[in-house]
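Engineer: fold the stuff below for me.
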Amino acid sequence: MANNFCCHHLSHKLRSSISSLRNLPLPSSPFTRGTLKFPICPSRRTHTLSAAIHIQSGRFTWDDVFNLAEPQKNKSSDLDGYFEKVKLCNRNSEKQCEFIPFVLEKRIVGYVHNRFADNLRRFDDLIILPDDTSYGGKFGRYITLHPRIRTIEDRTSALEYVIKSLGEELVPGIRNELYPVKSSFGVPEYFSLERAAAPYFGIKVTLLHDNIIIYFL
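Structural biologist: Numbering: from 1, shown residues only. This is a model prediction of the structure:
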């Protein structure tokens with residue numbers, strides 16, 4: 001009997017609670033606060049493209065929605081900068097015919113511009129220009145060291161003398177810093193050359209930076 005009374009009392013209380021909840025006002029929706037408004041003809045509106053969405057005071061408007069939906073015009077590719085560098089490296093490729101191969105041990109180690117090569121002719125006891133078309137070029141010759149100059153030390157000394165004789169007027173920036181000239185890493189060098197003179201002999205300069213790690217014990 002007591003159990004039936006308790007169940008009836010709880011059922012009546014629950015129905016009263018539900019009825020009271022129905023009479024409570026609904027909480028305002030975040031979409032009814034005036035933030036988003038539907039235009040009558042949204043497709044006819046003109047919107048300014050923007051790379052970034054400006055959200056001020058927590059507002060996100062339809063202008064921001066349209067900016068996200070429309071494709072970004074005139075958007076440059078991430079590789080544009082790379083291709084510009086490639087074009088820069090390949091500039092004046094049509095002038096390759098103006099250079100004479102610099103050959104040692106039957107291998108081309110560099111290219112010398114024909115006008116700079118004219119300055120080397122007076123060192124004919126150290127540098128020679130044989131008539132030979134086997135290494136290409138329109139001039140029908142190549143540049144090399146005299147056959148009697150064979151060792152690395154002799155080649156280095158001969159070119160050092162030539163560069164110092166030409167002086168700052170023709171080879172600016174001489175710093176007495178020798179640069180080993182090789183066909184690739186891990187192989188013996190042909191000779192060592194003043195770093196400032198490397199471009200004039202058409203030799204690519206590669207820099208290596210050593211990273212030093214210090215452990216404090």
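
Engineer: need the phi and psi values for residue 83.
Structural biologist: Backbone torsions for residue 83, taken as degrees, to the nearest 10, come to phi -70, psi -30.

Engineer: in stretch 176-196, what's buried?
Structural biologist: 179, 181, 190-196 (16 or more other C-beta atoms under 10 Å). All C-beta spots, glycine's among them, are computed from the backbone N, C-alpha and C.

Engineer: columns pLDDT, secondary structure and distance to residue 100 on top of those, output as CSV?
Structural biologist: Listed next are those as CSV, based on pLDDT from 0 to 100; DSSP: H, G, I helix; E, B strand; the rest coil; distance: C-beta to C-beta, whole Å:
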residue, pLDDT, secondary structure, distance to residue 100
179, 87, strand, 21
181, 92, strand, 17
190, 94, coil, 17
191, 95, strand, 18
192, 94, strand, 22
193, 94, strand, 17
194, 94, strand, 20
195, 91, helix, 22
196, 92, helix, 20
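
Engineer: which one among those residues gets closest to residue 169?
Structural biologist: residue 196 (12.6 Å; C-beta to C-beta).

Engineer: pull the number of nearby residues for residue 155.
Structural biologist: A count of nearby residues for residue 155, using other C-beta atoms under 10 Å, gives 21.

Engineer: so which helix or strand takes in it?
Structural biologist: If you go by DSSP states H and E, residue 155 is part of helix 152-170.

Engineer: keeping just the C-alphas, turn that helix into PDB.
Structural biologist: Output in PDB follows, covering the C-alpha atoms of helix 152-170 (Å, rounded to 0.1, in the frame of the first residue of the first chain):
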ATOM      1  CA  ILE A 152      99.900  19.600 -57.900                       C
ATOM      2  CA  GLU A 153     102.500  21.900 -56.300                       C
ATOM      3  CA  ASP A 154     103.900  23.100 -59.600                       C
ATOM      4  CA  ARG A 155     100.400  23.800 -61.100                       C
ATOM      5  CA  THR A 156      99.400  25.700 -58.000                       C
ATOM      6  CA  SER A 157     102.600  27.800 -58.100                       C
ATOM      7  CA  ALA A 158     102.300  28.500 -61.800                       C
ATOM      8  CA  LEU A 159      98.700  29.700 -61.500                       C
ATOM      9  CA  GLU A 160      99.500  31.700 -58.400                       C
ATOM     10  CA  TYR A 161     102.200  33.600 -60.300                       C
ATOM     11  CA  VAL A 162      99.800  34.300 -63.200                       C
ATOM     12  CA  ILE A 163      97.100  35.600 -61.000                       C
ATOM     13  CA  LYS A 164      99.400  37.900 -59.000                       C
ATOM     14  CA  SER A 165     100.900  39.200 -62.200                       C
ATOM     15  CA  LEU A 166      97.400  40.000 -63.500                       C
ATOM     16  CA  GLY A 167      96.700  41.900 -60.300                       C
ATOM     17  CA  GLU A 168      93.600  43.400 -58.800                       C
ATOM     18  CA  GLU A 169      92.700  45.200 -62.000                       C
ATOM     19  CA  LEU A 170      91.900  41.900 -63.800                       C
END
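
Engineer: lovely, talk soon.
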